[in-house]
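1. Next one to model:
(chains A, B and C)
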Amino acid sequence: MSIEVSMHEDEFKAGRALGLDHRKLGVWLFLSSEIMFFGGLLAAFLHYKINNPSPAEHALLDVTLVGINTFILLVSSFTVVLGLDAIQHGNRRRLVLFLGLTMLLGAGFLAGQGNEFVTLYRHGMTLKSSVYGSSFFTLTGFHGLHVLIGILWAGLTLRKAAIGRYDDGRYTGVELFGLYWHFVDIVWIVLFTLIYLT
Amino acid sequence: MTVEAQIAQEKPNWRRYFTWNTDHKVIGVQYMVTTFFFFLIGGALAMLIRSELAQPGTDILNGVQYNRFLTNHGSVMIFLWIIPIWAGMGNYFIPLMIGARDMAFPKLNALSFWLIPPAGLIMLASFFVGAAESGWTAYVPLSVAAPFGQTLWAVSVILLGTSSIMGSINFVTTVLTMRAEGMGFWDLPLFVWSMLATALMVLVATPMLTAGLVLIAMDRLVGTLFFNVPAGGDPIFWQNVFWFYSHPAVYIMILPGMGIISEIFPVFSRKPIFGYKAIAFSSLAISILGLTVWAHHMFASGMNPALRVPYMITSMIIAVPTGVKIFSWLGTIWDGKLSFTTPMLFALGFISMFLIGGITGIFLASIPVDLHVHDSYFVVAHLHFVLFGGAVSAVYAGLYYWYPKVTGRMYNEKLGKTHFWLNFLGTNLTYLPMFVAGLLGMPRRVVDYAPEFASYNMLATIGAFLLGISTLPFLYNAIVSWVRGPKAGSNPWRALTLEWQTSSPPPEHNFEDTPVMTRWPYDYGESPLAEPGVAPAAGD
Amino acid sequence: MEATPKTSSGVRTYALVFTVLAVITILEILLSQPGVGVARQVLTPTFLMFSLAKAGLVAAFFMHLRSDTRFYTYVFLFPAALLLIFALLATVR
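-> Numbering: from 1, shown residues only, chains lettered A, B, ... in the order given. Next up, the predicted model:
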């Protein structure tokens, strides 16, 4: 018997009896840890926003631009599920198309965020200008990093799709990427509200 | 099995433990040996600390050096020894105990281990650039102003936390999705239950520490103002973030050990475990409750006084599920046919010493008591009774218990007993005097102290050296028995959990035939000729 | 061969959910413009509810929490609840 014998589906029978796919469960567990990580950074932001408000810096935030950015990220989540639906019906080409769109929209989001960051810096709001600045850039910066990682993951998924690794019977990998991407979107939904709207 | 395969299995090929290997049994041994190495380092740091404290005056170390040693003693013991050793034992034994071939994500598993050696080296390397000196608790603003080693410390702990989180994703997924046929949740060995409850805490608490460490690192490296007090930074916020993880962390450090005790008592009393479901539920209760009590470490910090009482209440409530376990264990050994093997001795020692540590914990949960003894040697005594008297005893119990399974050889029982008695004596001698010194007012984390505490410190230092010496028979036993010990056979303890129903050490894929659960793993003494429950899969 | 049941809500459902998300977002942008005469005390809870609704919709439909085993929902909600507790307790001065 070779060392690297692949695991047989049979090994995960107990999971399937509970309705669990082990890879999906793994990703959900990972996401629960990410909730807590972002939570720590978010708690820092809220702590200082409530106890050390900085109205002058808050007034510098461009709600409209970032609101449009939020919209772009929502569209990108939509393209992900459309891609998943496509491959669940065996349409590999459409999956590739929608994954590509997702990557573009993600890049667009990052460009918008970059624009916001540069504008704020020009107005004197920086990582070091105040605790508000420190927590704003750290929180949104880490979110942006997660979007970047998501774009890379989308690229890897796209490549796999392009070479035919997914079909209407094998698409869990696409679902897993989707879970991560939607999660990053949800984090932004919360961040947008707590940073920009309130 | 072919003769060649048998021979290959008999000679431990030590080389493969230094490579990337996705077999959970190899990874388990890698974890156990690596963490034990760090245990010895943490112990050496302790010896230096106790040498300094043997007498009043600063004889060997100055204040700065002392602070660096105590910081790294705590950090090494917590992050490089007691937390990852459980991951190592869980790694080796969870798949076996549930009848699986490996963990759910073998590559992630290997990665979890391989984060540890570099993280350990980074933490130790900090001694060359000015080691962290703010205690393992790294309170701000001191830790922000500290020398470069503090940054290395933060990086190291982030890596170790990541390893921990990856491990727990693997443990939960494995237990939920890979149990053998017929093994429902109420058939799981209690060690597995304890690892599940531990993994829950690791998953949700560790990332909070990561976030906090990121904030400290950003203040240090980039100049952010999170903990810059003149700019509005808040030291209490760090304490909240830190203890949100570090309190559950202490349950992470003890629960798997309690799981091992639940395995050992039935085997060496030849009786079923008393209160199986109660113990399983109590593990979950401790896990969930443990996530809500963190600020009892902050009673003296200047935190909002109105918030203190709720924490006191929840901290006292958490004694209840712990008590459930203690009474269940007593109920297990009561009237049993006891064999006082080394694992059993360590398990019994665990009960007495954890009890002392646990009850003094309840004292500390009371706000007025805590305000009197906070940051005194009373706390040092408490934490060492639960962590050393408790958790480390459980580690040793597990190492002796499972030694024959991992190595295929039996350890020397006389040396084991010698180790136990030296350890038991040493632990009590070292830490009991500290309770008194603390109550009398000796502060912790001090390189020098008032002469009135001298006798307690001398006793503690003698005890500490006894502990240092006690490790020698263990090391000798562990190494020599692996090479020359008598063959152990698959089930020297006549135990019923699945890891004993395969060879020692297990074959590469753990079981020759796919195991099927046919009897409860704690059916001891139910029928004299009862056979353990593994049947070949249907169709064989 | 995928053994898990097909988790797909269908394009129509996805499009409907997206439309709701888009409408809410546009409302948020409009309501946060300067000069809108709605009191802060009304706007803030409204925005918070909007964000919960959006997050919930993405989680339930795009992440298939509605159609999958409920266990994933618990895995998601437990840390969220814990985080809420932490945020409340840690931001109090």
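
2. all contacts plus neighbour counts: C-alpha atoms, from now on.
-> Fine.

3. tell me, how many neighbours does residue 49 end up with?
-> I went with chain A, as the question did not name one. Per other C-alpha atoms under 10 Å in any protein chain shown, the neighbour tally for A:Lys49 reads 20.

4. My question was about chain C, not that one.
-> There are 13 residues near C:Met49, going by other C-alpha under 10 Å.

5. One more: the one 4 residues further on?
-> Taking other C-alpha under 10 Å as the criterion, the count of residues near C:Ala53 is 16.

6. Now do the longest helix anywhere in chain B, average pLDDT.
-> Longest helix in chain B by number of residues (criterion: DSSP state H): helix B:235-269. Taken as a whole, helix B:235-269 has a mean pLDDT of 98.

7. in what helix or strand does residue 165 lie?
-> Going with chain A. Of the helices and strands defined by DSSP states H and E, none includes A:Arg165.

8. actually chain B
-> helix B:149-177.

9. Quickly check: that helix near chain A or not.
-> Yes. Counting by C-alpha under 8 Å from any C-alpha of the partner chain, chain A has neighbours in helix B:149-177: B:Ile165, B:Ile169, B:Asn170, B:Thr173, B:Thr174, B:Leu176, B:Thr177.

10. count of neighbours near the fifth one?
-> The burial metric for B:Thr174, expressed as a neighbour count using other C-alpha under 10 Å, is 27.

11. Once you drop chain neighbours, what's closest to whichever residue of chain A sits closest to chain C?
-> Here chain A gets closest to chain C at one residue, A:His47, 4.5 Å apart by C-alpha to the nearest C-alpha. Nearest residue to A:His47 in three dimensions, chain neighbours excluded: C:Thr91, at 4.5 Å (C-alpha to C-alpha, 6 or more residues apart in numbering or on different chains).

12. Now do that neighbour, the pLDDT please.
-> C:Thr91 carries a pLDDT value of 88.

13. quick one: contacts for it?
-> A:Ala43, A:Ala44, A:Leu46, A:His47, A:Tyr48, A:Ile50, A:Asn51, B:Phe237 (C-alpha atoms under 8 Å, 6 or more residues apart in numbering or on different chains).

14. same thing with C:Gln33?
-> So C:Gln33 contacts A:Val63, A:Thr64 (C-alpha under 8 Å, 6+ apart).

15. And the helices in the stretch 251-400 of chain B?
-> In the stretch 251-400 of chain B, the helices defined using DSSP state H, counting those that start in this stretch lie at B:276-289, B:308-317, B:319-333, B:342-365, B:367-373, B:377-384, B:393-407.

16. between the longest one and helix B:377-384, what angle do the directions make?
-> Looking back up the chat, that one is helix B:342-365. Per axes from the mean of the first three to the mean of the last three C-alpha atoms, to 10 degrees, the angle that helix B:342-365 makes with helix B:377-384 is 140 degrees.

17. Give me the buried positions along helix B:342-365.
-> For helix B:342-365, the buried set under the neighbour-count rule, 16 or more other C-alpha atoms under 10 Å in any protein chain shown, comprises B:342-358, B:360-362, B:364-365.
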